[in-house]
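> what follows is a predicted protein model with its sequence.
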Protein chains: 2
Amino acid sequence: MATDVLDATFAALADPTRRAILARLREGEATVTELAAPFAMSQPGISKHLRVLERAGLISRGRDAQRRPCRLEAARLRDAVDWLADYRSYWEESYQRLDALLGELDHDGPDATERGTP
Amino acid sequence: MATDVLDATFAALADPTRRAILARLREGEATVTELAAPFAMSQPGISKHLRVLERAGLISRGRDAQRRPCRLEAARLRDAVDWLADYRSYWEESYQRLDALLGELDHDGPDATERGTP
DNA sequence: CGGTTTTATAACCAGACAGTTTTCTACCGC
DNA sequence: GCGGTAGAAAACTGTCTGGTTATAAAACCG
């Protein structure tokens, strides 16, 4: 996965307005004014966010007379998940450690087995 | 999931240096100078990146004499994946559509079965 | 103690970013 | 063609970011 693709994807996702726009687009295509409606923000403000999302490949835009309907392009999100998947074992591992620790404290108390206290 | 947690997490992941630092930390704890070594960047530059990662909860730091070893905290990555998981069906759906289209073109040509053209 | 190592802090800079208002373009309906 | 609507573009602002250098703080070593 190209690093600048991940850069743009994660940067686009780092803004709550843009995440809300993506969430809205799960319900289907929407025009700019439809997307702008829920926000206390000017129309050009929303257009800027849409340009960020488009350049990150997270949305695409059609043409319907004066309207430029936006649609979700979820494939790039999969790229992000693919990157994150490499870390999955690490957060699972920490769960296992926590689990083991709680188990020990619960019925045994900590002992030095496997703990390496030289 | 609190929106500012996701803001900080995705923003932290949007930088290739920081992603490389996280990747390095999968191999175990590392000191600041160890983390800085692979990069053509000053030590304070790396320290700034580490502070961003720490404030996002993606790493934690210990104390070993003058050293401040960093360790990966993968749980926050799981939060990011949890958010992304809500979109999984959307990218899978587009795969299915592509699959169906390719299948059609391959051996049948498009017909109206299961397509709902009223 | 004095010197070295490790890290953090401060001050600064260029550029990107989020937002605004104003203006321009394109298209529709009449 | 004219007026209204949808959206983009431009210009400006304040703030955040990513980087630098120089300096300070803390802990070790001899």
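Sure thing, it's come through. Numbers count the residues shown, from 1 in each chain, chains lettered A, B, ... in the order given.
> what about the helices in chain A?
Here chain A has its helices, by DSSP state H, at A:3-13, A:16-25, A:32-36, A:43-55, A:75-85, A:88-107.
> would JSON lines of those helices with distance to chain B and mean neighbour count be doable?
To be clear about C-beta, it is placed using only N, CA and C from the backbone, and glycine gets the same treatment. Shown next, in JSON lines, are these (distance: least, C-beta to the nearest C-beta, whole Å; neighbours: other C-beta atoms under 10 Å in any protein chain shown):
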{"stretch": "helix A:3-13", "distance to chain B": "4", "mean neighbour count": "19"}
{"stretch": "helix A:16-25", "distance to chain B": "5", "mean neighbour count": "18"}
{"stretch": "helix A:32-36", "distance to chain B": "17", "mean neighbour count": "16"}
{"stretch": "helix A:43-55", "distance to chain B": "12", "mean neighbour count": "16"}
{"stretch": "helix A:75-85", "distance to chain B": "5", "mean neighbour count": "18"}
{"stretch": "helix A:88-107", "distance to chain B": "4", "mean neighbour count": "12"}
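> now mean pLDDT too, for these, in JSON lines please.
As requested, the helices of chain A are exported to JSON lines (pLDDT from 0 to 100):
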{"stretch": "helix A:3-13", "mean pLDDT": "96"}
{"stretch": "helix A:16-25", "mean pLDDT": "98"}
{"stretch": "helix A:32-36", "mean pLDDT": "96"}
{"stretch": "helix A:43-55", "mean pLDDT": "97"}
{"stretch": "helix A:75-85", "mean pLDDT": "96"}
{"stretch": "helix A:88-107", "mean pLDDT": "74"}
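> those: which one's closest to B:Leu105?
Proximity to B:Leu105, assessed across these by C-beta to C-beta, is greatest for helix A:75-85 (20.3 Å).
> and the contacts of the closest one?
Outside of helix A:75-85, the residues within contact range by C-beta atoms under 8 Å, 6 or more residues apart in numbering or on different chains are A:1, A:5-6, A:9-10, A:13, A:56-58, B:19, B:77, B:80-81, B:84-85, B:87-88, B:90-91, B:94.
> picking up where we left off before, tell me which of the helices of chain A sits nearest to B:Arg63.
Across those, closest to B:Arg63 is helix A:88-107 (C-beta to C-beta), at 20.1 Å.
> closest residue of chain A to DNA strand C?
Residue nearest to DNA strand C within chain A (C-beta to the nearest atom of the strand): A:Gly45, separated by 3.0 Å.
> enumerate every residue touching that residue.
Residues in contact with A:Gly45 (C-beta under 8 Å, 6+ apart) are A:Ala36, A:Phe39.
> check A:Met1 too.
By C-beta under 8 Å, 6+ apart, the neighbours of A:Met1 are A:Asp79, A:Asp82, A:Trp83.
> and if you look at A:Val32?
Applying C-beta under 8 Å, 6+ apart, the residues contacting A:Val32 are A:Gln43, A:Ile46, A:Ser47, A:Leu50, A:Arg67, A:Arg68, A:Cys70.
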